[in-house]
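Student: The sequence and its predicted three-dimensional model are supplied below.
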Amino acid sequence: MRKVEVFDPALCCPTGVCGPSVDPELTRVATAFFLLENKGFDIKRYNLASEPSKFAENEKITKVLHEKGPDSLPITMLDGEVVIVGGYPTNEQLSEWFDLNLEELKEKKVNNNLNLLGKK
């Protein structure tokens with residue numbers, strides 16, 4: 001089974017919905033990762049603010065940070081190899097890596113129909 005690890009910069013939350021403005025890229029990544037985790041795939045995110053030891057323990061991550069600095073974050077590893085520096089994997093990449101249909105990584109919209117009892 002494939003393993004994906006993402007090393008995030010220091011974030012207050014991984015979803016992108018905290019703070020004064022919503023980051024749609026963080027929201028997309030959080031949604032895709034949540035869906036993949038629920039399907040049982042090996043996918044992890046580490047936050048520099050709350051899990052600095054994960055960064056220090058990984059020689060490949062430490063090397064990238066020493067060479068390119070903290071602006072190189074986020075860093076994505078696939079099966080122990082650095083594959084993306086300075087960005088997150090696209091849904092297309094994730095679907096390819098985990099052999100999924102791209103539609104499986106999209107958030108399902110909830111129908112909040114207020115006419116649930118058939119009243120008009």
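Tutor: Received, thanks.
Student: can you list contacts of stretch 68-76?
Tutor: Residues outside stretch 68-76 that contact it (CB atoms under 8 Å, 6 or more residues apart in numbering) are 4-9, 48, 61, 64-65, 82-89. Quick note: C-beta positions are derived from backbone N, CA and C, even for glycine.
Student: For stretch 57-65, what is the distance to the chain centroid?
Tutor: Mean-position distance between stretch 57-65 and its chain equals 19 Å (CA atoms, centre = their mean, to the nearest Å).
Student: before we move on, back to that, quick check on the contacts of stretch 68-76: which are buried?
Tutor: Buried by 16 or more other CB atoms under 10 Å: 4-8, 48, 61, 64-65, 82, 84, 88-89, out of the contacts of stretch 68-76.
Student: Go through those residues and say which is closest to residue 54.
Tutor: residue 7 (7.1 Å; CB to CB).
Student: What strands flank the stretch of helix or strand that closest one belongs to, and is each parallel or antiparallel?
Tutor: Remark: residue 7 resides in strand 3-8, with elements defined by DSSP states H and E. Using DSSP bridges, the strands paired with strand 3-8 are strand 42-47 (parallel), strand 75-78 (antiparallel).
Student: Now do the buried residues in the helix or strand bottoming out on mean pLDDT in the chain.
Tutor: When the helices and strands of the chain are scored by mean pLDDT, DSSP states H and E, helix 24-38 comes last with a mean of 91. For helix 24-38, a neighbour-count test (16+ other CB under 10 Å) marks 26, 28-33, 35-36 as buried.
Student: Check stretch 67-74 too.
Tutor: Going by 16+ other CB under 10 Å, stretch 67-74 has these buried residues: 72-74.
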